[in-house]
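Chemist: how does the following fold in three dimensions:
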Amino acid sequence: MKKAVQATYFVFLAVFAVLMGYAALTFSLSRESRDTRGGYELLKEYTSETVEDAQAPAGVRQICQWTVSDVQDACRMLIFYTKHQNVQVYLDGACVYRVEPDPGNWFGKSPGGVWNQVPLTEADNGKTIRVELTPVYRSLADTDTAPDFYFGDKYDIAVAIFCRSIPSSVFGIIALLMGAAFIGFVLYNYKNTEIDRTLVMLGLFSILLGLWKVTDAEALRFFFPGQIQMSMMSSVTLLLVSVPFLLFIKEGLHNRDSILWYIPCFTSLAEMLAVLVLQLTGRMDFRETLFLTHLQLIFLLVVCVFMVVREVRAVGWSARLKRSVLCVGICFAGTLVDLAIYYATDGRSMVLLALCGFLVYIIVQGMSSMREAKQLMAIGMRAKSFERMAYHDQLTGLYNRTAYAAYTGDEAFEPERCIVVVFDLNDLKKCNDTLGHEKGDFYIRESARIIQNIFGESGECYRMGGDEFCVLLRNSSLDTCKHMVERLRAQVDRFNASSKDVFMQIACGYEMYDRRIDYDIGDTARRADKMMYHEKFTMKQKNGGGEIR
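Modeler: Okay, the predicted model is just below:
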């Protein structure tokens, strides 16, 4: 069920991403304005009234009106922010500025959030300016609050807008960076089985939360005017946050497999489908379905609170559970307060309590999960180190006798077409006694290196004891093995030609498993031993008992 929810969610995520891209490429606003050529106050003396207009989308139109003054020497800007309103600005009855969606737009009837910038010159002093604001949604028809009208230098106004947007933007950027850090942490350690991969869900939730706040910031829309995807993204990202949040939080509890966790997941996916269909069919814009997203968030948090309380009653308190209770409680309280303020002010105001709560959750839970993952990875690395020490020879790095016994003694081991090659280092004791154990270890390491170089690609190499080595070759012929032995002797000769003190001799024997005469692979190894001892004896006779130079 978890995989089905995740797969469906990521399908919606991809669809909305394509939708945002398409909006960026195709949506356009019809904007008319006079040329601008370049001081800052908040206008307060103007008249405002709301009049009925049967032709307007919401049946009303708000009109703000005053007389232009104090425009001297240079062009001054009238700048104001509107949300989901068509705008017309008139000077003595002549339209000098207009913003509304083009009729052919696929993305509904709203221009989104727009910073309107109207240039006024010295010649406009004494003229009557009339600003007509036409809400495109019924939910905005009852509000008669005019926007803040800024009058002055565009640069100074932009700085003021930017400074006003800093708190929410900073929170959004922090959430984006935290989300990227969590996902990057998982990807960097993806091959480690101890990594908590649910951090990807927390990272995705954090990124979506950050995008929601960053794209909802007024400053961003000031610098990217007419981009409807900014307004759409703030709604879409809020729509997408529920599922990853829920999939992460449930993994930290013992009742993670309860069917109750998936009820808000399925309702969230159903809401995504409904919102998508309503948008694409032109029945309701994302902004008009925002109340569904708010209801879904409340339902999600209610389920989380219920499941956390249920967990406390079932298993008692723990450090992790205390963190979950605290963080979920902060998120729940902050969301309720923010939504209450949002609906009390008809969507004009929202504090940052919910965002602060979710950021606390992201930081506390995310950092705790990363710390626990690092501890588990350290334990796993120590376990692997112990396992390596148990099955590897510390001097040469080759497998040891324990590994050989485990491999050949396994029920799945099949000796057919297996060749056993055994090696013995001549005069190792003499090297230790004459040149010291350091040179003896050097002799062993260099011999292991040559054996590994020749036989390592075709089989597994083992150090069976002090001067004894063994190789198991799979699917090789005796002729091939003989060729490898000749290569080994050639490399030994090259080593001796360059060595100043250690003289290397490696006696070798090999045999292939024969089920007619071998009971098991041990019998094959004993036959290879006989061949190796015969060669060892021949070498000693030839070299007069060995040589140390």
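
Chemist: quick check: the spatially closest residue to residue 88 that is not a sequence neighbour vs residue 235, distance?
Modeler: Once flanking residues are discounted, residue 88 sits nearest to residue 132: 4.5 Å by C-beta to C-beta, 6 or more residues apart in numbering. (Glycine included, C-beta is placed from N, CA and C.) Applying C-beta to C-beta, to the nearest Å, the value for residue 132 to residue 235 is 26 Å.

Chemist: so for these two, which sits in the more crowded spot?
Modeler: residue 235 (23 against 20; other C-beta atoms under 10 Å).

Chemist: surely residue 158 is in contact with residue 218?
Modeler: No. Contact criterion C-beta atoms under 8 Å: residue 158 and residue 218 do not qualify, at 10.8 Å.

Chemist: which one's more surrounded, these two?
Modeler: Just comparing residue 158 and residue 218: by other C-beta under 10 Å the higher neighbour count belongs to residue 158, 19 against 16.

Chemist: check contacts around that one.
Modeler: 222-223 (C-beta atoms under 8 Å, 6 or more residues apart in numbering).

Chemist: is it true that it lies in a helix?
Modeler: Yes. Counting by DSSP: H, G, I helix; E, B strand; the rest coil, residue 158 falls inside a helix.

Chemist: give me the pLDDT value at the residue positioned nearest the centre of the chain.
Modeler: Nearest to the mean C-alpha position of the chain, by C-alpha atoms, centre = their mean, lies residue 183 at 2.5 Å. Residue 183 is assigned a pLDDT of 86 by the prediction.

Chemist: swap in residue 544?
Modeler: pLDDT, read off for residue 544, is 58.

Chemist: from here on, count from 45
Modeler: Understood, numbering begins at 45; the last thing we discussed is residue 588.

Chemist: so what's residue 320 up against?
Modeler: Counted by C-beta under 8 Å, 6+ apart, residue 320 has contacts 56, 59-60, 63.

Chemist: report the buried residues of the helix or strand harbouring it.
Modeler: Per DSSP states H and E: residue 320 is located in helix 306-324. Buried residues in helix 306-324, defined by neighbour count with 16 or more other C-beta atoms under 10 Å: 306, 308-309, 311-313, 315-316, 319-320, 322-323.

Chemist: need the max-distance pair from the residues you listed.
Modeler: 306 and 323 (25.5 Å; C-beta to C-beta).

Chemist: so residue 504 sits against residue 443, correct?
Modeler: Yes. Counting by C-beta under 8 Å, residue 504 touches residue 443, with 6.1 Å between them.

Chemist: need the overlap of contacts for those two.
Modeler: residue 451.

Chemist: ok, these two, which is more surrounded?
Modeler: Under the criterion of other C-beta under 10 Å, the comparison of residue 504 against residue 443 puts residue 443 first, with 20 against 16.

Chemist: need phi/psi at that one.
Modeler: phi -60, psi 150 (degrees, to the nearest 10).

Chemist: which ones are touching it?
Modeler: Residue 443 neighbours (C-beta under 8 Å, 6+ apart): 435-437, 451, 504-507.

Chemist: the helices in the stretch 145-294 of the chain, which residues?
Modeler: Here the stretch 145-294 of the chain has its helices, by DSSP state H, counting those that start in this stretch, at 198-232, 243-259, 262-267, 272-284, 286-295.

Chemist: weakest of the ones you listed by average pLDDT?
Modeler: Going by mean pLDDT, the lowest-scoring of the helices of the stretch 145-294 of the chain is helix 262-267, which has a mean of 74.

Chemist: one step back: would you convert the buried residues of helix 306-324 into a markdown table that also reports pLDDT and distance to residue 164?
Modeler: Listed next are the buried residues of helix 306-324 as a markdown table, based on pLDDT from 0 to 100; distance: C-beta to C-beta, whole Å:
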| residue | pLDDT | distance to residue 164 |
| --- | --- | --- |
| 306 | 89 | 58 |
| 308 | 90 | 52 |
| 309 | 90 | 53 |
| 311 | 93 | 51 |
| 312 | 91 | 48 |
| 313 | 92 | 50 |
| 315 | 91 | 45 |
| 316 | 91 | 45 |
| 319 | 88 | 41 |
| 320 | 88 | 43 |
| 322 | 85 | 40 |
| 323 | 80 | 37 |
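
Chemist: quick one on the thing from earlier: didn't the residue nearest to the centre of the chain look like it was pressed against residue 248?
Modeler: Yes. Counting by C-beta under 8 Å, residue 227 does reach residue 248; the two are 7.2 Å apart.

Chemist: list the buried residues of stretch 437-456.
Modeler: For stretch 437-456, by 16+ other C-beta under 10 Å, it's 437, 440, 442-444, 447-448, 451-452.

Chemist: what's the mean pLDDT across that stretch?
Modeler: Here the average pLDDT along stretch 437-456 is 88.

Chemist: one more: stretch 371-387?
Modeler: 77.

Chemist: not counting sequence-adjacent ones, nearest residue to residue 580?
Modeler: For residue 580, ignoring the flanking residues on the chain, the nearest one in space by C-beta to C-beta, 6+ apart is residue 551 at 3.6 Å.
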